[in-house]
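Undergrad: Build me a model from this:
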Amino acid sequence: MTSIKIKSDEEFTSSIEKLKWVMACLRDPENGCPWDKEQDFKSIMPYTIEEAYEVADAIENGSMDHLEEELGDLLLQVIYHAQMASEENIFSFDSVAQKVADKMISRHPHVFGDVDAQNSADVTEIWEQQKSKETQSKGVLDNVTLGLPSLLRAEKLQHKAAKVGFEWPTPEHAFDKCVEEMNEFIEAIDIKDAYAQEEEFGDLMFALTNYARMKNINAEEAVRKANNKFIHRFKGMEKAVENSGGKDGKTIKDLSLEEMLDLWIKQKS
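TA: The predicted model follows:
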C-alpha cells in the first residue's frame, strides 16, 4: 500500500472540499484506511448518534472550544455517510446540502415568502403545515422517527396527538394520570409479575413525559441533566474518599452503603 500525497490548503476551494477529499482518501479502495473501508451505514450509525450527544454535552458545559471540535466530529459523520452513498451512486454531500437548503426555504415562507408570522408559535404552526405538505402523510403519528431516544419520541408522539385535540385539559389532569400509573406499577411489584412491572413502568414513564411536556419541561433533557448531576456527585464522593483515606489505599468500593449515603448527602449539600 502506498501513501496518499497530502494536498496544500491552497489546492482546495473550501474547507468542506478538503474534508470531502480526506474522507474519499480514507475510503480509497487501494490506499485507504483498512478500518474506514470496512464500514457501512449501519456500522457508522452508533458513532453518528454518539457525536450528536457530545455536541449537546459541549453546549451544556459551555465550552466553545469543545463545541467547535465536537461540531467538526459531527460534520465528519455527515461527510462519511455522504461518501459511502456517493460510492454507490445514491446521493452526494452536495445533494444533501442542496435538499436541506431547499427544505429550509420551503418551511420558512414567513422569511422567503409572503406568509406572516408574529411569534414562535406561529412559526411552529407554519413549519408543521409545510412539513405535512412535503411528506403527504395520512396518519397523525406518521413521520415520528423510530430511532429517537424513547423519552424524546414519547414527547413527539404526545405532541402530535395533542395537535388534533387528544390532550388532557390541564397539566393537573396529566399529573393525576402519573399517580394512577404509579399505583399500577406498585400493584405489579406487589404481585411479583415481572412482565406487568415492565409494562407499567413504561406506562409511568410515558405519563411522566406527557406531564413534563404540558409543563414545558423537556423530559429527555431533564434526564440527561440528572445523569450529569449524578456523575458530578459520585465523582465528588470518590474524591472525598481519596482525600480522607487515600493514604491506606482505601477506595469507594471499600465503604459500606451507609458510609456512601453519608458522602452522597454531603455532596448534595
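Undergrad: just checking, next helix/strand downstream of the least confident helix or strand in the chain by mean pLDDT?
TA: Within the chain, confidence by mean pLDDT, DSSP states H and E is lowest for helix 120-135 among all helices and strands, at a mean of 83. Sequence-wise, the next helix or strand downstream of helix 120-135 (DSSP states H and E) is helix 150-163.
Undergrad: what ranges of the chain fall below the confidence cut-off?
TA: Scanning the chain for pLDDT under 70 picks out the ranges 1, 136-137, 245-248.
Undergrad: which residues of it fall in helices?
TA: For the chain, applying DSSP state H gives helices covering 15-26, 34-38, 41-61, 64-87, 93-106, 109-112, 120-135, 150-163, 171-190, 194-214, 219-245, 257-268.
Undergrad: What count of nearby residues applies to Met84?
TA: Per other Cβ atoms under 10 Å, the neighbour tally for Met84 reads 17. Using the backbone N, CA and C atoms, a C-beta is placed for each residue, glycine as well.
Undergrad: With adjacent residues omitted, what lies nearest to it?
TA: Spatial nearest neighbour of Met84, excluding adjacent residues (Cβ to Cβ, 6 or more residues apart in numbering): Phe41 at 6.3 Å.
Undergrad: how much space is there between Ser150 and Lys99?
TA: The spacing between Ser150 and Lys99, counted by Cβ to Cβ, to the nearest Å, is 28 Å.
Undergrad: nope, Gly147 is what I was after
TA: For Gly147, the distance to Lys99 equals 19 Å [Cβ to Cβ].
Undergrad: ditto for Ser14
TA: Shown here: Ser14 relative to Lys99, a distance of 19 Å by Cβ to Cβ.
Undergrad: how is the protein carved up into domains?
TA: By the assignment in automatic domain parsing, the chain contains the domains 9-91, 137-217, 221-268.
Undergrad: would you turn those into JSON lines with distance to His110?
TA: Compiled in JSON lines, the domains of the chain are given as follows (distance: least, Cβ to Cβ, whole Å):
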{"stretch": "domain 9-91", "distance to His110": "27"}
{"stretch": "domain 137-217", "distance to His110": "19"}
{"stretch": "domain 221-268", "distance to His110": "27"}
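Undergrad: Of those domains, which is nearest His108?
TA: With Cβ to Cβ as the criterion, His108 lies closest to domain 137-217 of the domains of the chain, at 18.9 Å.
Undergrad: for Ala85, what are its contacts?
TA: By Cβ atoms under 8 Å, 6 or more residues apart in numbering, Ala85 lies in contact with 91-92.
Undergrad: With Phe91 as the reference, measure out to it.
TA: Taken as Cβ to Cβ, the span from Ala85 to Phe91 is 5 Å.
Undergrad: Lys192 now?
TA: For Lys192, the distance to Phe91 - Cβ to Cβ - is 53 Å.
Undergrad: can you check Ser14 too?
TA: Per Cβ to Cβ, Ser14 is found 20 Å from Phe91.
Undergrad: So which of these two has more stuff around it?
TA: Under the neighbour definition other Cβ under 10 Å, Ser14 and Phe91 were set side by side, and Phe91 has more, 14 against 8.
Undergrad: shouldn't that one be in contact with Ala82?
TA: Yes - look at Phe91 against Ala82 with Cβ atoms under 8 Å: they come within range, at 7.1 Å.
Undergrad: The closest residue to Asn228 other than its chain neighbours: neighbour count?
TA: Spatial nearest neighbour of Asn228, excluding adjacent residues (Cβ to Cβ, 6+ apart): Glu60 at 6.9 Å. Residues within reach of Glu60, counting by other Cβ under 10 Å, total 13.
Undergrad: what about Glu60, distance to Leu67?
TA: Taken as Cβ to Cβ, the span from Glu60 to Leu67 is 10 Å.
Undergrad: and the residue nearest to Leu74 when sequence neighbours are not counted, what is it in contact with?
TA: Distance criterion Cβ to Cβ, 6+ apart; nearest residue to Leu74, sequence neighbours excluded, is Glu51 at 4.5 Å. Applying Cβ under 8 Å, 6+ apart to Glu51 gives the contacts 70, 73-74, 76-77.
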